[in-house]
Structure formats: structure tokens, C-alpha cells
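Colleague: Take a look and give me a structure for this.
(2 chains)
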Amino acid sequence: MSEKDLLLQLNKLKDIKPSFDWKNSNREILFNQITRGHAEEEISKFDIFKNMLPHNMFSRALQPVLAVVLIVLIVASGGVISLNAARDTNPGDSLYIAKIISEKAQIAITFNDKGKAKLGVEFASNRALEITRVIAESEKNKEKQVEKLTKDFKKEISAVKARLVKIDSAKDNSAKENKEAAETQDDDLQVFSANLEKSDQGMEIYDSAGNLLSAEEESAAVEDLVVAGPSNLDDILTEAEKLFDEQDYSGTLNKLSEANDMMDQEDVSDETAGADTASTTIDSVDAGEDESPADTASSTEE
Amino acid sequence: MKIGKIQETILYSRVKSKDAKSFIKVYDLYINQIYRFIYFKVSNSEEAEDLTSAVFLKTWSYIHEGNEIKHKTLKALIYKIARNLVIDHYRKSSRQKSVSLNDDFIKEIVDNKQNMQEEIELKLDIESVKHNLQELKDEYREAIVMRFVNELSISEIADILDKPKGNVRVLIYRALKAMRELCS
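Modeller: Next up is the predicted model:
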């Protein structure tokens, strides 16, 4: 017999099988034996996953840990990838909802009010961007979408304004505190300065242009620093809204980025202004008091 | 019935997690092969049936006794258990191995052929092959049944016999050679 024939014959032996009836009855017997009347238990998918991981003495203890870590990594990376994909979507795209959810999540995570305001500006500009894109594509639901986006834009802007007011009042409080602290120091310093020889102008303060400020101008400048931020921002935001209404979307985007920059600047000047307010308030009060000589009581040093 | 590697792995994990239904699926998947495997070793259909049911029951208990399982696939584990059970069976009964095979199966195989002459020829051929198979060394017979009747891959056979793949290839080559000599 040739090898080929031999192999064919051998292959035919595959037809040897157990009888169908025996198979079925045996199946039932086996099932009863293994379950032994236990009620059907829910097999947790986690257990199944765990059992798939490598099996040796050491890793048996680590299996749950490894399983959890793997699952977390996979889910996290999946999340990151899909969020990035969602970034450029417009309303009407399926991933748009994911984009909105991620925006809301971002706001929830930021604890700083300032940060939240900035995010609000960013989202407002996103709405404007989306409107431009929606208008560019000619689609059926355009009007509805434009309407919705306009609503959302206004919502974001008013939310930002509200936050600014909040920040403002917080700042006012801290400014007031500084002033009070300064005033208590003043009393001591009045006495002190009376005994010192000072020019009429007292301490000299220069403004940003390098011109010497008088005392009044000083205090005005200081007040500006404290109050200027929010009200200017407010104006910018109102202007942005106006441009939006006029459908000048690129103008809106420009205004919003201006607002963003201003907020960044404020951050920087905030820190220095805080310190400055205290010292310059003292000095301006000082310079004013110079004309009216104080008590000639013994000098008290702070 | 054939399933992919991934499905087999999933079934395996489910069985390890004590999922009885999955185990019944496993039973359906492998029962024919295991039966055949055992049949060519014991040459008796009733004994083969008994041993086959014992194999599956033993597999279930083995997995759930918490033993460390070296085998990567469930298939290899089942074959291993089947092999061991047959060896134990022969140790207990001091029966001789070469018992003539039942004729039942030959009828099944031949039935669909209509030409009388072909029938006879086929019957003779298969008979002689079967006879020769019995004459072979255990090791060779086992290898041939696994490779050519049950169509297992070299890696699978290596896993079951716990031998390197090279050895398995050589084994099969030698088994075929011996078989050819017997048949000629």
C-alpha cells in the first residue's frame, strides 16, 4: 500500500464514533455528577478573566491585583483615546456628547474659581468654533443646531461673568483685610513719621509710564489695580457677546482669547498687587498725614 | 465541531471557574476524539465507553481540586488524563492487549459505498489497516491515531506526551515506516 493510500485509510478511521444514544445519556449523567444538585451559580466575569492570567505558584496570589491593574489600564487608555477623537466633533456627531461630558468633567475637577472661569471662556470659544463649522457644512438641522449653540454660548459667558463677580468679591474681601491691617499699622507709623524729616511728597511712587505720581494719583492707581481686572474682563466678555450676536464669529474668538490673556496677566499682577496694596496704602496715608503734624510723643518703632 | 484558540481559552477559564455548562460544551467538543483514542488502545467499544465517561469526570475533579495545571490547553489536559486512565486500567486488569476489534464499525464506514466490489476492497483494506495497527508498538499506534485519525497538530501532541516537538516528528516518522512495512 502506498503512503497516500495508507493515510487515506487511516483518515477513514475517523468515522469511528461512540453511539449517539450513549453520548446523550452520558452527557446527562455527567452534568448531574458535576453539579450535584447545586443551583446554577453566577460565574463572575472577573473570575473568568482572572483564570486566564498566568498560573504559577507565585502569581496565584497576585492574580486579582494583576487583573484589576490590567482592566484599569485598558479602560483608562480607551478613555483617553476616545476623548481625543471627540475633540473636533460638532453637534450632530455621535461623539459630540462625549465632548460635552468631558468639558463638564474638566470644570468639576478644577477647584480654583479662576481656573473655572478660564475653562468657561475656552468652552465659549468652542461653541463659537462649532457654529462656524456647522454653518460651513450645509445640513438639514442647521438652524436648530445654531440656536442651541447660541444658547450654550450665552450660558457659558454668563457663567464666566458670575464667577468673575465671585472672584471679585473674594478679592475685595482680601483687599479689605489688607487695608484694615494697614490701618492698624498706620497709627503707629503716624507717630513715627512725625519725627522724621520728610519731604512734602513723602514716599515717591512711579506709575508704569515712569511719571511721578502724586499721592492722589497713587491711590487711584492702586484702586485701579484691585478693581480694574474684573470690570475690564466683563467689558470684553460683553463685547464678545455682541460680536457673536452680529455673527462675527472670528471676532468673538479674538475677544475671548483676549479675555483669556487678561486673566493670565491678572494672575501675575494679583500676587504683586496684593503685596503692593498693603505697602502703598500705608504710604499714601502717610504722605497725606504729613501736613498735619502728629503728636510729638516719643517715637514708637514697629 | 471545531472552535478557535481564543474560544478554547475562554472555555478553559470558564471551566476553571466552575461553570458546568461550559464543561458540557467541552464534553461535546472532545468526546468523539477521546473515545476513538481510547478505543484504539483497548479495542473494545464498551470498555471505551466506560473509560471515556471516567475521563471527563476525572478532568472536572482534577481541575477543581486546585491542582496546579501545567497544560496550556484543556484539550491537552483531557488527553493526558485519558492516557493515564488507560494505563491504570491495564495495570489493574492483567488483560492481554491484542483482542480482536469489533466488526460493528466497519459496517458503518462501508455502508455508503454502492459498488459491491469497492465495498469488499474497502472492507479488506480497513480491516488490514486496523489489524496492522494493533500489531504496532503502543507508542507508534498512539502517535498514528493522534496525528492521522484525530488530526492533532505536532505542538498539541508534544504537549500531551510531554516531549519536544522534534521527538514527536521523529516518532511519527518511525511509526509510519513501521506501519508501511506491516501493510506491504
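Colleague: Show me which residues of stretch B:33-47 are buried.
Modeller: By neighbour count on 16 or more other Cβ atoms under 10 Å in any protein chain shown, the buried set for stretch B:33-47 is B:33-45, B:47. From N, CA and C alone the C-beta is placed, and that goes for glycine too.
Colleague: Burial check on the residue in the stretch 151-300 of chain A that chain B sits nearest to, number of neighbours?
Modeller: Across the stretch 151-300 of chain A, no residue is closer to chain B than residue A:152, which sits at 45.2 Å (Cβ to the nearest Cβ). Neighbourhood size, residue A:152 [other Cβ atoms under 10 Å in any protein chain shown]: 18.
Colleague: Same check on residue A:32?
Modeller: The burial count for residue A:32: 11, using other Cβ under 10 Å.
Colleague: can you list the buried residues of stretch B:33-47 in a markdown table and add pLDDT, secondary structure and distance to chain A?
Modeller: Listed next are those as a markdown table, based on pLDDT from 0 to 100; DSSP: H, G, I helix; E, B strand; the rest coil; distance: Cβ to the nearest Cβ, whole Å:
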| residue | pLDDT | secondary structure | distance to chain A |
| --- | --- | --- | --- |
| B:33 | 93 | helix | 9 |
| B:34 | 95 | helix | 9 |
| B:35 | 94 | helix | 4 |
| B:36 | 93 | helix | 5 |
| B:37 | 94 | helix | 10 |
| B:38 | 93 | helix | 10 |
| B:39 | 92 | helix | 6 |
| B:40 | 91 | helix | 8 |
| B:41 | 90 | helix | 13 |
| B:42 | 89 | helix | 13 |
| B:43 | 85 | coil | 12 |
| B:44 | 86 | coil | 13 |
| B:45 | 88 | helix | 8 |
| B:47 | 90 | helix | 12 |
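Colleague: Check which helices and strands the helix or strand harbouring the residue of the stretch 151-300 of chain A closest to chain B is in contact with.
Modeller: Assigned by DSSP states H and E, residue A:152 falls within helix A:142-194. Packing partners of helix A:142-194 (3 or more Cβ pairs under 8 Å, 6 or more residues apart in numbering or on different chains; DSSP states H and E): helix A:113-136, helix A:215-245, helix A:249-289.
Colleague: about what we covered before: would you confirm that the residue of the stretch 151-300 of chain A closest to chain B contacts residue A:127?
Modeller: Yes - between residue A:152 and residue A:127 there is a contact at 5.0 Å, judged by Cβ atoms under 8 Å.
Colleague: For the closest residue to residue B:137 other than its chain neighbours, give its distance to chain A.
Modeller: Excluding its sequence neighbours, the residue lying closest to residue B:137 (Cβ to Cβ, 6 or more residues apart in numbering or on different chains) is residue B:178, at 7.2 Å. Going from residue B:178 to chain A by Cβ to the nearest Cβ, to the nearest Å gives 11 Å.
Colleague: Now for residue B:178, how many residues are close by?
Modeller: Around residue B:178 there are 17 other residues, counting by other Cβ under 10 Å.
Colleague: Could you pull out the helices in chain B for me?
Modeller: B:5-16, B:20-42, B:45-64, B:74-92, B:104-110, B:116-135, B:138-144, B:154-161, B:165-183 (DSSP state H).
Colleague: Need the winner for burial among those helices.
Modeller: Scoring those by mean neighbour count under mean count of other Cβ atoms under 10 Å in any protein chain shown gives helix B:20-42 as the most buried, with a mean of 21.
Colleague: Spatially central, which residue of chain B would that be?
Modeller: The C-alpha lying nearest the average C-alpha coordinate of chain B belongs to residue B:37 (Cα atoms, centre = their mean; 2.0 Å).
Colleague: Now do the contacts for that residue.
Modeller: By Cβ atoms under 8 Å, 6 or more residues apart in numbering or on different chains, the contact set of residue B:37 is B:79, B:82, B:145, B:146, B:150.
Colleague: correct me, but the first one touches residue B:160?
Modeller: Spelled out, it's residue B:79. Yes - between residue B:79 and residue B:160 there is a contact under Cβ under 8 Å: 4.4 Å.
Colleague: Need the overlap of contacts for those two.
Modeller: Common neighbours of residue B:79 and residue B:160 (Cβ under 8 Å, 6+ apart) are residue B:146.
Colleague: Ranking helices and strands of chain B by mean pLDDT, which lands last?
Modeller: Every helix and strand of chain B was ranked by mean pLDDT, DSSP states H and E. The lowest is helix B:104-110, at a mean of 56.
Colleague: circling back: if I look at the residue of the stretch 151-300 of chain A closest to chain B, what pLDDT would I see?
Modeller: Per-residue confidence (pLDDT) for residue A:152: 87.
Colleague: The nearest residue to residue A:116 once chain neighbours are set aside: neighbour count?
Modeller: Leaving aside its sequence neighbours, residue A:116 sits nearest to residue A:110 (Cβ to Cβ, 6+ apart; 5.2 Å). A count of neighbours around residue A:110, defined by other Cβ under 10 Å, yields 14.
Colleague: Quick check: phi and psi on residue A:110?
Modeller: phi -80, psi 120 (degrees, to the nearest 10).
Colleague: Tell me how far it lies from residue A:235.
Modeller: Residue A:110 sits at a distance of 24 Å from residue A:235 (criterion: Cβ to Cβ, to the nearest Å).
Colleague: Many thanks, have a good one.
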